[in-house]
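Predicted model and sequence below, questions to follow.
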2 protein chains.
Amino acid sequence: MVSIHDVAQAAGVSISTVSYALTGKRSITESTRLRVEEAANALGYRANAGARMLKGARTNLLALSAPLHAGTHAPAHMTFVLAVVNAAREFDYDVVLLTQDDATDGLRRVSQSSLVDGIVLLDVSTVDERADLVRELGVPATLVGIPADTDGLTCVDLDFERAAWLAVERLIALGHSRIACLGQSPAIYERGSNFPPRFRDAFIAACEANGVLPVFRPCDEDATSVGRAINDIEAQLGAAPTALVFQSNEPVQAMALDLLARRGVRIPEDLSVISACSSFDTAHLEPAIDVIPLPAEQSCARAIALTMRQLDGLVQPHVELIEPWFVEYGSVAAVPAD
Amino acid sequence: MVSIHDVAQAAGVSISTVSYALTGKRSITESTRLRVEEAANALGYRANAGARMLKGARTNLLALSAPLHAGTHAPAHMTFVLAVVNAAREFDYDVVLLTQDDATDGLRRVSQSSLVDGIVLLDVSTVDERADLVRELGVPATLVGIPADTDGLTCVDLDFERAAWLAVERLIALGHSRIACLGQSPAIYERGSNFPPRFRDAFIAACEANGVLPVFRPCDEDATSVGRAINDIEAQLGAAPTALVFQSNEPVQAMALDLLARRGVRIPEDLSVISACSSFDTAHLEPAIDVIPLPAEQSCARAIALTMRQLDGLVQPHVELIEPWFVEYGSVAAVPAD
DNA sequence: GTGCATCATCGAAACGTTTCGACATCCAGC
DNA sequence: GCTGGATGTCGAAACGTTTCGATGATGCAC
């Protein structure tokens, strides 16, 4: 391995001059700087990561805790992981991926050995031991997701409440009054997952605020459950809904659309459909469905940015919510005349 | 951060004694060792990663190059990434995840800065610039997948040729002679992807060796393509196949099964179906399909093991193929009497 | 009791970088 | 021509660990 010493020798300057020339932390004459850079390039010099870390400078490494729960939707998960890695690279950071069940062990290990400068947590649940650990470690960290107790933590997430309101109010504005939401698997609401309950509660509140019956129905991921859920929704409304909000994963949405198509329900003529907080491409559904996207890219980029600012001591712990937006594919229309 | 110095002080011994007590590289009296371990635990000591790296010892970090091509199947990808991380942890290694398009840059960066001890490459294609880079860097590395030129490289993969033979010979043994294979998207065969051509060619060879017409049909990932492909297969065979081998991704297999069910084809009475080299759970298909699994766990565990052995200088570059095996779910039966 | 081998522990060097203080050199201002 | 401040470069310390060689203690054989 070529060291700074080799570069110094090649450029005919001292070690410290090389360091200053390459990091730019002190002014160096243009000509010297060029000579050093040339030598460094020619030799393929790269500062030894260990030495830089040891000296207390940045390690340029971030820990990413991305545990895989049983119910995790792999593509969505992948999207977030990827978004974090890409965002980190923008700041010249690499990512150490931690996936183990005993997530706290891993985080302890990498942060207490000063391997990483900071931490990003994905898939944060309402009560999450990693949140407590982050508080304990006192390391720069950002959570993607909002735990119950956000005290002393920096968190980023889509504003699920506003997403629910956005969906409901768009439907209300188009005259709909028989609105239902097809939710995630019941298990998810019980296992203190983070955003599903937030969305559900906001959906219900939005319906009530607009004077329509709030019909929210969780649903498991199989065809019969989907059928039962849709029947159940009709029963609760006393008639077929004129608008349906999906807050479920891709297979469930596909199954529901399939079922509705077989029943002869036309979208959007008979039924307006909105896919809320979906991480996949709803344009590929049959038919394409209007969506309020779950913005993996934005959330993760923001999480990285916030972690970087914590490193610079520029930011206090706080919660940041990302404004939801609507993407139209033509699956929403005015309420049909009865 | 608590350093080895603090531990030494707490235990009343010298720094080097602490190091020897914790690493076990020299004999230390039982009582002293216990005292040191106690102090280390009490203080929550963890060796500074930078210092350990600098000293030239292991960094206990591995680079995982997992690029995301357009056609990558996210769940499969995730499975491999996860398998690598878990396997690495068994050796007390953490994983730096590299996903960028310019994969070679990242690998250069982390290996030339001595950040990682070794490299694992996923999703290796026939002609892969990362393979050349690995050769150039001379770093311990293992490829999951087999490039065209394996000279000087250590590679692991499922033995796709034998998987094809395994599928074909099982069907032949049950009396089938109208056997077809539904392959991946044509683009995959053109874009030097690694195993699909290997499987295809072996499938054709196995058919020919058994005196049956080799019908192999690539297929894009949409319902109409699947329909066309199946019609095409019947046309080539001059009749409906009695056995079908899937060498395609989950959606295509699901669509094909759906289509066949609508046409009234019963599995396995009318048609035997085998899913070859599938990374997802074919037991969840409708109906469950016999499978020759793509063993992410095994491949990755072996890749990690081989990388570790390279670190110890115990292994020469070579290619290791994993023996395929068959899992029955009842989708294969003897050929129906005409 | 002396000499020798064995064993546990220690001191110090080395790893490659960053960074602080020091030291020339140069130029402007008087 | 001298002073004083800028500017560019250098030497050396420090980061925390591992590891080599050295040292002191202990036990055993003669």
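In hand now; what should we look at?

Identify the residue nearest A:Phe203 in space, chain neighbours excluded?
A:Ala164 (4.2 Å; CB to CB, 6 or more residues apart in numbering or on different chains). All C-beta atoms are positioned from the backbone trio N, CA, C, and that covers glycine.

Likewise for A:Glu208?
A:Pro214 (5.8 Å).

ok, now which ones touch that neighbour?
By CB atoms under 8 Å, 6 or more residues apart in numbering or on different chains, A:Pro214 lies in contact with A:203-205, A:207-208.

in the stretch 151-300 of chain A, what residue is nearest DNA strand D?
Closest residue of the stretch 151-300 of chain A to DNA strand D, CB to the nearest atom of the strand: A:Gly152 (25.3 Å).

Just the pLDDT for that residue.
Listed pLDDT for A:Gly152 reads 94.

would you say A:Val2 is within a strand?
No. Using DSSP: H, G, I helix; E, B strand; the rest coil, the secondary structure at A:Val2 is coil, not a strand.

Can you list the low-confidence ranges for the stretch 1-150 of chain A?
For the stretch 1-150 of chain A, the stretches flagged by pLDDT under 70 are A:69-71.

before we move on, the earlier item: for ChimeraX, what selects the buried ones among the contacts of A:Pro214?
For the buried members of those, the matching ChimeraX selection, counting by 16 or more other CB atoms under 10 Å in any protein chain shown, is:
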select /A:203,204,207
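
tell me, which of the contacts of A:Pro214 make contact with DNA strand D?
By CB under 7 Å from any atom of the strand, no member of the contacts of A:Pro214 lies near DNA strand D.

want to try CSV for the contacts of A:Pro214, with secondary structure, distance to DNA strand C and pLDDT as columns?
Shown next, in CSV, are these (DSSP: H, G, I helix; E, B strand; the rest coil; distance: CB to the nearest atom of the strand, whole Å; pLDDT from 0 to 100):
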residue, secondary structure, distance to DNA strand C, pLDDT
A:Phe203, helix, 51, 97
A:Ile204, helix, 53, 97
A:Ala205, helix, 51, 97
A:Cys207, helix, 56, 97
A:Glu208, helix, 57, 97
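
and the contacts of A:Pro214 as a markdown table, adding distance to A:Val84?
A markdown table is the format used below for these (distance: CB to CB, whole Å):
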| residue | distance to A:Val84 |
| --- | --- |
| A:Phe203 | 29 |
| A:Ile204 | 32 |
| A:Ala205 | 32 |
| A:Cys207 | 35 |
| A:Glu208 | 37 |
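
just the contacts of A:Pro214 now: which is nearest A:Asn41?
Nearest to A:Asn41, judged by CB to CB, of the contacts of A:Pro214 is A:Phe203 at 57.4 Å.

What separation do you get for the closest one and A:Glu161?
Using CB to CB, to the nearest Å, A:Phe203 is found at 9 Å from A:Glu161.

swap in A:Gln253?
21 Å.

For the two, indicate the residue with more neighbours.
Neighbour count, other CB atoms under 10 Å in any protein chain shown: between A:Gln253 and A:Glu161, A:Gln253 has more, with 22 against 18.

Tell me the secondary structure at the more buried one.
Going by three-state DSSP: A:Gln253 is helix.

Isn't it up against A:Thr282?
Yes. With contact defined as CB atoms under 8 Å, A:Gln253 counts as touching A:Thr282 (7.5 Å).

Can you check which residues contact both of those two?
Joint contacts of A:Gln253 and A:Thr282 (CB under 8 Å, 6+ apart) are A:275, A:289.

Please identify the helix or strand for A:Val85.
Under the criterion of DSSP states H and E, A:Val85 resides in helix A:74-90.

residue ranges for the strands of the stretch 1-150 of chain A, please.
Listed in chain order, the strands found in the stretch 1-150 of chain A under DSSP state E, counting those that start in this stretch are A:61-65, A:94-98, A:118-121, A:141-144.

Now do the third one: which elements does it pack against?
Based on contacts counted as 3 or more CB pairs under 8 Å, 6 or more residues apart in numbering or on different chains; DSSP states H and E, the elements that strand A:118-121 packs against are strand A:61-65, helix A:129-137, strand A:141-144, helix A:296-311.

Those: which one's closest to B:Gly145?
strand A:61-65 (24.5 Å).

How about the closest one and chain B, touching?
Yes. Using CB under 8 Å from any CB of the partner chain, strand A:61-65 reaches chain B at A:61, A:64.

list the contacts for whatever residue of the stretch 51-200 of chain A ends up closest to DNA strand C?
The nearest approach of the stretch 51-200 of chain A to DNA strand C comes at A:Ala51, 3.3 Å away (CB to the nearest atom of the strand). Going by CB under 8 Å, 6+ apart, A:Ala51 touches B:50, B:53-54.

sorry, back to before: okay, among the contacts of A:Pro214, which ones form the most distant pair?
A:Phe203 and A:Glu208 (9.7 Å).

Kindly report the residues of chain A close to DNA strand D.
So far as CB under 7 Å from any atom of the strand goes, chain A lies against DNA strand D at A:12-17, A:20, A:26-29, A:31-33, A:51, A:54-56.

Recalculate using a threshold of 6 Å.
A:13-17, A:20, A:26-29, A:32, A:54-56 (CB under 6 Å from any atom of the strand).

Pull out the buried members of these.
A:13, A:17, A:20, A:28, A:32, A:54.

looking at it, the first one is touching A:Arg33, isn't it?
Right, the one you point to is A:Val13. No. Look at A:Val13 against A:Arg33 with CB under 8 Å: they stay out of range, at 9.9 Å.

Need the overlap of contacts for those two.
Taking CB under 8 Å, 6+ apart as the contact rule, the neighbours common to A:Val13 and A:Arg33 are A:Ala21.

circling back: neighbours of the residue of the stretch 151-300 of chain A closest to DNA strand D, how many?
A:Gly152 has 11 nearby residues by other CB under 10 Å.

show me the contacts for it.
Taking CB under 8 Å, 6+ apart, we find A:Gly152 in contact with A:135, A:317.

cool, and A:Val156?
Counting by CB under 8 Å, 6+ apart, A:Val156 touches A:142-144, A:299, A:302-303, A:306, A:319-322.

try it again with 6 Å
A:144, A:299, A:302-303, A:320 (CB atoms under 6 Å, 6 or more residues apart in numbering or on different chains).

Direction included, what does the helix or strand where it lies pair up with?
For A:Val156, the host element (DSSP H and E) is strand A:155-158. Take DSSP bridges as the rule and strand A:155-158 pairs in its sheet with strand A:141-144 (parallel), strand A:319-322 (parallel).

what's the most buried one of those strands?
Of all the strands paired with strand A:155-158, strand A:141-144 has the most neighbours on average by mean count of other CB atoms under 10 Å in any protein chain shown, namely a mean of 28.

Nearest residue to the middle of chain A?
Nearest to the mean C-alpha position of chain A, by CA atoms, centre = their mean, lies A:Ala296 at 4.1 Å.

From A:Pro197, how far out is that residue?
For A:Ala296, the distance to A:Pro197 - CB to CB - is 20 Å.

Next: A:Thr17.
59 Å.

okay, now A:Pro67: neighbour count?
For A:Pro67, using other CB under 10 Å, the count is 20.

Tell me the backbone dihedrals of it, please.
phi -70, psi 150 (degrees, to the nearest 10).

Contact partners for it?
A:Pro67 makes contact with A:Ala103, according to CB under 6 Å, 6+ apart.

what do you get if the cut-off is 10 Å, keeping everything else the same?
By CB atoms under 10 Å, 6 or more residues apart in numbering or on different chains, the residues touching A:Pro67 are A:77, A:98-103, A:106, A:121-125, A:128, A:130.

Equivalent analysis for A:Asp290, please.
Residues near A:Asp290 by CB under 10 Å, 6+ apart: A:167, A:170, A:267-268, A:272-276, A:282-283, A:326-332.

Now list the buried members of those residues.
Among these, the ones that count as buried by 16+ other CB under 10 Å are A:167, A:170, A:267-268, A:272-276, A:282, A:329, A:331-332.
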